[in-house]
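**Student:** Sequence unavailable; structure follows:
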Ligand SMILES: Nc1nc2c(c(=O)[nH]1)N(C=O)[C@@H](CNc1ccc(C(=O)N[C@@H](CCC(=O)O)C(=O)O)cc1)CN2
Ligand SMILES: Nc1ncnc2c1ncn2[C@@H]1O[C@H](COP(=O)(O)OP(=O)(O)OP(=O)(O)O)[C@@H](O)[C@H]1O
């Protein structure tokens, strides 16, 4: 079966599993993933360093606490603007986020263009599933596959996932962009030995 046809059943399975996770369980897991990412980025303040994150909606590995902590540590934060064509806007500590496409929180703007991702040294991307070979299964819009090629050379792509969403490999197509780091509630994996 073609990869594209194998993606949807896996998306449905993971979405079903995620729908069974209680708010309490999300909070515990999110706290663990947040701690791991903060440790990975190092103890010193970000001081103007740039990270591109996603603003999670309910039912995705959370980023609210991570965004808050990074902003307070001085990191400059890029968040997606939820148009079909990828775009980014700055998010400053305390700025309100309003629900956009599919209820995902988004900053007010202005849009900086897809290429703004090139400012970031690390990109925290959403996934539904991830392979230890670096394959990533997203929600199906191709948004990250279109924007990640604009990232700075050497910028790491990190995904947040649940333990049961990590496989040896997941269905992928030539346009799919690989992942460097996988953070779950129990593990941090550097996939490219860097
Ligand atoms: N939390 C989270 N953020 C994320 C993603 C995600 O999966 N989860 N994305 C994962 O890829 C990207 C968003 N993907 C998108 C895919 C399609 C459209 C879209 O079709 N927008 C319409 C309607 C806009 C509206 O209603 O305001 C359009 O532009 O016509 C928007 C965003 C980036 N941010
Ligand atoms: N670089 C690209 N340029 C144009 N179209 C693309 C590109 N990457 C992906 N697409 C298109 O986007 C659609 C969805 O791709 P795919 O199923 O890989 O999304 P995804 O990786 O799950 O989603 P996302 O990247 O938003 O998390 C496909 O029809 C694909 O052809």
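**Tutor:** Sure, I can see it. These numbers were taken from a predicted model, which means no experiment stands behind them. Ligands and ions are numbered 1, 2, ... in the order given.
**Student:** Get me the contact residues on this structure for ligand 1.
**Tutor:** 54-57, 60, 80, 82-84, 100-101, 104, 126, 138-139, 141, 143-144 (C-beta under 6 Å from any ligand atom). For glycine as for every other residue, the C-beta is placed from the backbone atoms N, C-alpha and C.
**Student:** Look at residue 78 and give its secondary structure.
**Tutor:** strand (DSSP: H, G, I helix; E, B strand; the rest coil).
**Student:** Can you tell me which of the residues of the chain next to ligand 1 are buried?
**Tutor:** Buried by 16 or more other C-beta atoms under 10 Å: 54-57, 60, 80, 82, 100, 104, 126, 138, 143-144, out of the residues of the chain next to ligand 1.
**Student:** any chance of these in TSV, plus secondary structure and distance to residue 132?
**Tutor:** Formatted as TSV, those follow (DSSP: H, G, I helix; E, B strand; the rest coil; distance: C-beta to C-beta, whole Å):
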residue	secondary structure	distance to residue 132
54	coil	21
55	coil	27
56	coil	23
57	coil	26
60	coil	21
80	strand	26
82	coil	30
100	coil	32
104	coil	27
126	coil	18
138	coil	17
143	helix	23
144	helix	19
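**Student:** Out of those residues, which two sit at the greatest distance?
**Tutor:** The most widely separated members of these, counting by C-beta to C-beta, are 100 and 138 (17.1 Å).
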